[in-house]
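[1] okay, sequence plus prediction incoming.
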Amino acid sequence: MKLGAFAYLVPDYDKGLAFFVDGLGFKLVEDIDQGRKRWITVRCGPISLVLARADTDAQVAAIGQQFGGRVGLFLKTTNFARDARKIEKAGGVFEEAVRSESYGKVAVWRDPFGTRWDLIEPT
């Protein structure tokens, strides 16, 4: 077995696509209209995100809190400065300045939906 995808709650499909595809440059893999919802997958690397529109009050409340307020996603880069600018231009906000750790350069940022990520340039 291998993990192929996971659901990622967004307030609106098109806002999710605008951030991940138009802003960050993720690849749109599928966008299938299923009537009351769409099956949308985007990919940046080997794992896909299934953009899931929040429909219930509990789902709406979970947007930005999908990992309990912790950093839950780790985006690797070979050019920290370039990709930090791309994230900010797309609507992401860095919570801290870049710092050096034993594993490389890293900084915590939030996407426009409130989810916390690390941007990491490995050593």
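    In hand now; what should we look at?
[2] per the annotation, how does this structure divide into domains?
    Structural domains annotated on the chain: 1-63, 67-123, as defined by automatic domain parsing.
[3] save those as a markdown table, and put in mean pLDDT too.
    What follows is those, written out as a markdown table (pLDDT from 0 to 100):
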| stretch | mean pLDDT |
| --- | --- |
| domain 1-63 | 96 |
| domain 67-123 | 97 |
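[4] export these to TSV and tack on mean neighbour count?
    For glycine as for every other residue, the C-beta is placed from the backbone atoms N, C-alpha and C. Listed next are the domains of the chain as TSV, based on neighbours: other C-beta atoms under 10 Å:
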stretch	mean neighbour count
domain 1-63	14
domain 67-123	14
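[5] phi, psi for Val50 please.
    Val50 adopts backbone torsions of phi -100, psi 110, taken as degrees, to the nearest 10.
[6] which strand residues bridge it?
    Ala7, Thr41 (DSSP bridges).
[7] these two touch, right, it and Ala7?
    Yes. With contact defined as C-beta atoms under 8 Å, Val50 and Ala7 form a contacting pair (4.8 Å).
[8] now Lys105: how far from Pro122?
    With the distance defined as C-beta to C-beta, to the nearest Å, Lys105 ends up 8 Å from Pro122.
[9] helix or strand for Glu121, just tell me which one.
    For Glu121, the element it lies in under DSSP states H and E is strand 116-122.
[10] what do you get for Asp14?
    Counting by DSSP H and E, the element that carries Asp14 is helix 13-17.
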